[in-house]
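A.B. asks: predicted coordinates and the sequence they were generated for:
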Amino acid sequence: MNAGIAPGVTNLLAAELLEENPDADEVELVFTVTTHATGGAAAAAFAHRGFTGRDHHRVMQVTLPEPSGSRRVLGFAEPDGGWLGPTADGLTVSPYICLAERSVGAMMRTLNAVRLISKLPPAALGSGRRTAVEEASHEPVAHSVAVLHEGLRLDYGLVVGQGDFRMAASSGIVFAEALLGRDGRVAAKPGAWYPEEVLSPKRVEASLPLAGIDVTKIDHDRVGSASAH
């Protein structure tokens with residue numbers, strides 16, 4: 001289940017960070033998206049539900065790799081808990097969205113500030129749009145995963161690549177191949193599982209870069225605090 005890039009690779013990174021930081025009480029996820037990415041009606045409906053699910057979302061200042069840089073990001077689909085599996089049970093999970101288009105991000109934050117974001121019409125996010133392309137888009141993608149204790153970042157990492165749709169498909173293939181045993185049988189119990197329940201980062205760390213997905217853990221001395229309001 002959710003075996004893509006985000007959720008998917010972000011789940012594996014979160015599970016590893018939580019294992020290495022047992023005192024963590026919160027997982028913070030920042031997903032970068034653009035209105036120009038490959039997508040369709042389902043993507044628009046998903047975005048609409050995530051933004052309009054509540055009257056007000058938290059806003060936080062973060063620093064992401066260029067071209068995003070220092071940005072204010074908006075809470076998103078909080079009830080979904082970042083699509084993390086049982087590894088995050090009992091923890092606070094704080095998902096945010098960074099919109100690549102600064103003007104669109106500013107508009108969404110304004111609607112959020114005046115408590116009108118839940119009234120956003122579906123058409124505003126491209127509801128009903130169909131995208132038929134010969135090649136998936138190559139927009140810059142940088143998803144951030146951090147673990148915190150009492151609001152202070154303990155550790156974090158980045159998932160970086162080109163094209164969210166492309167990365168999701170590629171990571172799904174990497175996961176499938178990692179689960180295949182030498183005899184071609186699936187090396188896991190049958191059933192529906194979250195990626196972090198059947199895989200570890202070490203089992204896919206060599207394959208992900210070949211698929212155009214870079215997972216980097218940040219040095220502890222570069223980890224700092226972030227404020228949300």
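C.D. replies: Perfect, thanks for sending it.

A.B. asks: next one: residue 69 from residue 63, what distance?
C.D. replies: Going from residue 69 to residue 63 by CB to CB, to the nearest Å gives 7 Å. C-beta: built from backbone N, CA, C; applies to glycine.

A.B. asks: these two: which is more packed in?
C.D. replies: Per other CB atoms under 10 Å, whichever of residue 69 and residue 63 has more neighbours is residue 63, with 12 against 9.

A.B. asks: wait, a helix at the more buried one?
C.D. replies: No: assessed by DSSP: H, G, I helix; E, B strand; the rest coil, residue 63 does not belong to a helix; its assignment is strand.

A.B. asks: in the sheet, who's paired with it?
C.D. replies: Assessed by DSSP bridges, residue 63 has beta-bridge partners residue 70.

A.B. asks: can you give me the buried ones in the biggest helix by length in the chain?
C.D. replies: Of all segments of type helix in the chain, defined using DSSP state H, the longest is helix 164-179. For helix 164-179, the neighbour count (16 or more other CB atoms under 10 Å) marks 164-168, 170-172, 174-175, 178-179 as buried.

A.B. asks: quick one: name whatever helix or strand follows it.
C.D. replies: Remark: after helix 164-179, the chain's next helix or strand is helix 195-198, criterion DSSP states H and E.

A.B. asks: angle of the lowest-mean-pLDDT helix or strand in the chain against helix 164-179?
C.D. replies: Of all helical and strand segments in the chain, the minimum by mean pLDDT, DSSP states H and E falls on helix 41-52, at a mean of 86. Relative orientation of helix 41-52 versus helix 164-179 (axes from the mean of the first three to the mean of the last three CA atoms, to 10 degrees): 100 degrees.

A.B. asks: and helix 41-52, C-alpha only, in CSV?
C.D. replies: Extracted C-alpha coordinates of helix 41-52, given in CSV (Å, rounded to 0.1, in the frame of the first residue of the first chain):
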residue,chain,number,x,y,z
ALA,A,41,-8.7,14.6,-12.3
ALA,A,42,-7.9,12.2,-9.5
ALA,A,43,-4.8,14.2,-8.5
ALA,A,44,-7.0,17.4,-8.5
ALA,A,45,-9.6,15.7,-6.3
PHE,A,46,-7.0,14.5,-3.9
ALA,A,47,-5.4,18.0,-3.6
HIS,A,48,-8.9,19.5,-3.1
ARG,A,49,-9.7,17.2,-0.2
GLY,A,50,-6.3,17.7,1.4
PHE,A,51,-6.6,21.5,1.4
THR,A,52,-10.3,21.9,2.2
